[in-house]
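Novice: okay, predicted coordinates and the sequence, questions at the end:
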Amino acid sequence: MERTGIIKSMANGVVTYIQRDEQIGRLQWNDHPKCKGVSLKHLVTGGDTDGKLSCHLVKLEPDSVIDEHVHELQLELHEVIEGEGGFIMGARKIEYYPGCVCVIPAGTAHKVIAGGSGLVLFAKFCPALM
């Protein structure tokens, strides 16, 4: 699947708050604490939203995996913005490619699997994950 280039566009973007702007390109990528080949860029945190919302870019290197896990309190929304892969939610297996949006209810087991070109998600959590 062809990459759309949105990550390059977002690198020049801005997160705008009522009293400040945050340059997305200046925010650091952070290694996922448990999953090899996965990194996160925290665009909006609970500290910015009184704990109500957090938004993160999630980059999976080719063939990497975010193992099955559950967010007991958070509703999660994935928007696939680059690459390809698969997603398992409960008994459902879903193909991931740019333009896919998936709603993961709180308390639902799920797993993300990157394909050969890697995968980039825009993940949102309500209430905030961090």
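Specialist: Now that the structure is in, tell me what you want to look at.
Novice: surely E22 meets Q28?
Specialist: No - checked against Cβ atoms under 8 Å, the pair E22 and Q28 is beyond contact range at 11.9 Å. Every C-beta, even on glycine, is put in place using the N, C-alpha and C of the backbone.
Novice: what about the two, which has more around it?
Specialist: Comparing E22 with Q28 by neighbour count (other Cβ atoms under 10 Å), the higher total belongs to E22, at 15 against 8.
Novice: now the more buried one: how far from G116?
Specialist: Taking Cβ to Cβ, to the nearest Å as the criterion, E22 is separated from G116 by 33 Å.
Novice: just the helices in this protein please.
Specialist: 6-11 (DSSP state H).
Novice: contacting residues for the nearest residue to I94 once chain neighbours are set aside?
Specialist: Nearest-residue entry for I94: F87, 4.4 Å, with adjacent residues in sequence omitted and distances by Cβ to Cβ, 6 or more residues apart in numbering. Residues in contact with F87 (Cβ atoms under 8 Å, 6 or more residues apart in numbering) are 78, 93-96, 102, 110-113.
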